[in-house]
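A.B. asks: structure of the sequence below:
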Amino acid sequence: MIVVLEPGPLATVQDAGRHGYAHLGVPTAGPLDGPAARLGNRLVGNREDAAVAESLLGGLTVELREGRWVAVTGAPVEVSLDDRPAAHSAAFWAPSGAQVRLGRVARGMRCYLAVGGGIAVDPVLGSRSTDTLAWVGPPALSEGAELPLGPAPDRPAAADVPARRRTGSLRVHPGPQADWFGPGHTLYDEEWSVSEHSNRIGLRLRGTALARPGRELPSQGMVTGAIQVPADGQPVVFLADHPPTGGYPVIGVVDPADLWQCAQVRPGETLRFTPAPTQAPASSG
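C.D. replies: This next block holds a predicted model:
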């Protein structure tokens, strides 16, 4: 097992997510930066959907009670093994009793700790992911928490490459209420600032308010990446822990291939949107 010595601001267990329960009001959850979590698992020889620890802004420290391969991916962060520097985005061996420490994230928001065998806490509704909206799944990591590991894989990957953030804008497909805003809406013209109230539920943005009609909308199902526009005209991008339904018009849906980048933008940083090629996005829960 591994033992949590310091959890940092917020650390949770995340696997590929809790799919198929939206009709019961249960969010999907899963890692916000899916490519980083999958990379960490590949590096240590796990299946891509094995459970990892997602650390907000770093500060996570764990002790291994059995020697395992370990990898830290996602936002750039200093990694140490028993107070000696260790690699980022590469597998390294941590012997029994070793402590792995993540420093404070220098840029970006979330990093991922993958351990050979995966974190094997008991699944809830088929997933080991922590949902921070309804707190379905294991609790957030706390000091002294003991996390079992699965059987160690044979060997880690020889090498792998992190996903690279696209320069420019996040691609957006038209939402079901896109026509409510008219052809001259400013979603694609504005540089949107990320609000400090953003979290795993949604990325809240600030900019020139989008003009929207005063009519109301019955609650409807929401996919991950949906861009809702509340009454104040400031868009919200639904992320992994979003509620399955919502009552505000959806102007667009962030392309699933770009959505992971929302995990790494900090409050005060800016982003832009651009129309995606005319192809319907895949539903991601």
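A.B. asks: please report how far the residue most central in space within the chain lies from residue 17.
C.D. replies: In the chain, the residue lying closest to the centroid (CA atoms, centre = their mean) is residue 32, at 0.9 Å. Relative to residue 17, residue 32 is positioned 11 Å away (CB to CB, to the nearest Å). Where you see a C-beta, it was placed from the backbone N, CA and C, and this is true even at glycine.
A.B. asks: the residue nearest to the centre of the chain and residue 238 touch, don't they?
C.D. replies: No. When contacts are counted by CB atoms under 8 Å, residue 32 is not listed as touching residue 238 (11.6 Å).
A.B. asks: so where do the strands sit in the stretch 51-200 of the chain?
C.D. replies: In the stretch 51-200 of the chain, the strands defined using DSSP state E, counting those that start in this stretch lie at 52-56, 61-64, 68-74, 79-81, 84-86, 92-94, 99-102, 110-115, 146-147, 170-174, 192-194.
A.B. asks: list the buried residues for the fourth one?
C.D. replies: Spelled out, that is strand 79-81. For strand 79-81, the neighbour count (16 or more other CB atoms under 10 Å) marks 79, 81 as buried.
A.B. asks: what does it contact?
C.D. replies: Contacts made with strand 79-81 from outside it, assessed by CB atoms under 8 Å, 6 or more residues apart in numbering, are listed as 70, 72, 85-88, 92, 94, 98-103.
A.B. asks: average pLDDT for it, rounded please.
C.D. replies: Per-residue pLDDT values across strand 79-81 average out to 97.
A.B. asks: just checking: what are the partner strands of that strand?
C.D. replies: Strand partners for strand 79-81, identified by DSSP bridges, are recorded as strand 84-86 (antiparallel), strand 99-102 (antiparallel).
A.B. asks: okay if I get the ones you listed as CSV plus mean neighbour count?
C.D. replies: Shown next, in CSV, are the strands paired with strand 79-81 (neighbours: other CB atoms under 10 Å):
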stretch, mean neighbour count
strand 84-86, 13
strand 99-102, 22
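A.B. asks: nearest approach to residue 215 belongs to which of the ones you listed?
C.D. replies: Shortest separation from residue 215 across these is recorded for strand 99-102, at 47.7 Å, computed as CB to CB.
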